[in-house]
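# Fold the following, please.
(2 chains)
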Amino acid sequence: AQSVTQLGSHVSVSEGALVLLRCNYSSSVPPYLFWYVQYPNQGLQLLLKYTTGATLVKGINGFEAEFKKSETSFHLTKPSAHMSDAAEYFCAVSEDTSGTYKYIFGTGTRLKVLA
Amino acid sequence: GAVVSQHPSRVICKSGTSVKIECRSLDFQATTMFWYRQFPKQSLMLMATSNEGSKATYEQGVEKDKFLINHASLTLSTLTVTSAHPEDSSFYICSAKASGGNEQFFGPGTRLTVL
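You can find the predicted model right below:
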């Protein structure tokens, strides 16, 4: 069965500092992995995804993540935090279950950016 | 492309009434739609998966008679919360997936408040 663990429900960084949000997964088959951002009272916006191919994935707003199969990780990073990055971030894993591709979400990490 | 809308964005109703939420894929045909609920400061929990023209598949613990899902066309799915009670107050988010695709596209969410 799939599962996703996001270490750290709250992360605070200074503006301009490195952002690192951790995500570990378990999956019985090669997974599809996603990072989403959610602003208050809004839906989810896709930051980036890994399906196949290059393990270092670049997304929007300067974010990137690296799929490390040996570590079952898909951590999200951004070299320099901006105030507008303050939001809730969700990691999700998906498997092809009869073509449905259900998602399992992590518990989320709230990112706070300090001026 | 890949835009999903939800209507209404907010709804307030009295206890005991029924509320219908619509989810539409605006620029693609969604063979599969998903309904999630999200409690404050928590992650998204999958409620059910619906395929166009078929009965929805509900996750364990979700009452199918209380949360009625209809996916009558390739662009529209509806969630009806029947006899709503205050504990049903939540943020409901839908997503849609095209045939052959492996990515879900999310709607902006509907905030339901039951008084």
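# Every contact and neighbour count from this point should use C-alpha atoms.
Fine.
# For chain B, which segments are assigned as strands?
When assigned using DSSP state E, the strands of chain B occupy the ranges B:4-7, B:10-13, B:19-25, B:30-38, B:44-51, B:57-58, B:67-73, B:76-81, B:90-98, B:105-106, B:110-114.
# Most tightly packed of these?
Scoring those by mean neighbour count under mean count of other C-alpha atoms under 10 Å in any protein chain shown gives strand B:90-98 as the most buried, with a mean of 25.
# so it versus strand B:19-25, what angle?
Going by axes from the mean of the first three to the mean of the last three C-alpha atoms, to 10 degrees, strand B:90-98 is angled at 30 degrees with respect to strand B:19-25.
# Strand B:90-98: how far from the chain's middle?
Here strand B:90-98 shows a centroid-to-chain-centroid distance of 5 Å under the convention C-alpha atoms, centre = their mean, to the nearest Å.
# And the contacts of it?
The set of residues external to strand B:90-98 that reach it, using C-alpha atoms under 8 Å, 6 or more residues apart in numbering or on different chains, is A:43, B:4, B:6, B:23, B:25, B:28-40, B:103-113.
# coming back round to it: redo the strands of chain B as TSV? Include distance to A:Met83.
Formatted as TSV, the strands of chain B follow (distance: least, C-alpha to C-alpha, whole Å):
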stretch	distance to A:Met83
strand B:4-7	27
strand B:10-13	28
strand B:19-25	32
strand B:30-38	25
strand B:44-51	25
strand B:57-58	39
strand B:67-73	39
strand B:76-81	36
strand B:90-98	25
strand B:105-106	24
strand B:110-114	26
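# Just put those strands in CSV and tack on mean pLDDT.
Formatted as CSV, those follow (pLDDT from 0 to 100):
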stretch, mean pLDDT
strand B:4-7, 96
strand B:10-13, 96
strand B:19-25, 96
strand B:30-38, 93
strand B:44-51, 93
strand B:57-58, 94
strand B:67-73, 92
strand B:76-81, 96
strand B:90-98, 94
strand B:105-106, 94
strand B:110-114, 96
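# So for A:Ala65, which of those sits nearest?
strand B:105-106 (19.8 Å; C-alpha to C-alpha).
# Tell me the pLDDT of whichever residue of chain A sits closest to chain B.
For chain A and chain B, the shortest gap (C-alpha to the nearest C-alpha) falls at A:Gly43, measuring 3.9 Å. The model reports A:Gly43 with a pLDDT of 88.
# Alright, calling it a day.
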